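Student: build me a structure from this.
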Amino acid sequence: MQDILLLIGQLNYTWTNTESLLIYLIAGLARVDKETAIVIFLTLNTTRARIDLVERLAKMSKTPQPLREEILALTSSLGREAALRNKFNHCIYSFDPESGQGVTQLMRIFEDKSEIKYGKVERLDDREIARIQTCISSITAINRRIWALVRRHGFPV
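Tutor: Numbering: from 1, shown residues only. Next up, the predicted model:
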């Protein structure tokens, strides 16, 4: 149980650290100072809104095509990793006291024409743990790519 919780903590830390780098992309693309970019970033209260803003700024005609493509590739990669991060941030964890086997229960409603279901339960098995570790590695790589872009283009830091 402790190992899984530490891994989820690492996932959250890695995600939050990387999401905060959107501040520098906002600053560079909007051509504002870092302090202004922080206010903009904090005013947008969801990851999706922050990524949308960066993508929209990148798509503006003043953004050179190579930079636009690089930023859109980064935000696309970040968006793909968000799904797993969101799963583990919006669930309840439980552990079998005897086996130590963990499960997650999603706190989301699934609805079709005739019924609703909620609380999908999934095992925290070796496959799922590997997915989390892969996600952490991917987010770390995105972090490094964002820093490289920020430095290469002289965005405010």
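Student: hey, let's count contacts and neighbours off CA atoms from now on
Tutor: Will do.
Student: can you pull out the strands in this protein?
Tutor: Assigned by DSSP state E, the strands in the chain fall at 91-95, 102-106, 109-111, 116-118, 121-124.
Student: of those, flag the one that's most buried.
Tutor: Of the strands of the chain, the one with the most neighbours on average (mean count of other CA atoms under 10 Å) is strand 102-106, at a mean of 18.
Student: related to what we said a few turns ago, I'd like the strands of the chain written out as a markdown table, with distance to residue 134 added.
Tutor: Converted to a markdown table, the strands of the chain look like this (distance: least, CA to CA, whole Å):
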| stretch | distance to residue 134 |
| --- | --- |
| strand 91-95 | 20 |
| strand 102-106 | 18 |
| strand 109-111 | 27 |
| strand 116-118 | 27 |
| strand 121-124 | 15 |
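Student: nearest to residue 136, of those strands?
Tutor: Smallest distance to residue 136 across the strands of the chain (CA to CA): 16.1 Å, for strand 121-124.
Student: before we move on, back to that, mind putting the strands of the chain into a markdown table with distance to residue 154 and mean pLDDT?
Tutor: What follows is these, written out as a markdown table (distance: least, CA to CA, whole Å; pLDDT from 0 to 100):
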| stretch | distance to residue 154 | mean pLDDT |
| --- | --- | --- |
| strand 91-95 | 40 | 79 |
| strand 102-106 | 42 | 77 |
| strand 109-111 | 45 | 80 |
| strand 116-118 | 47 | 81 |
| strand 121-124 | 43 | 80 |
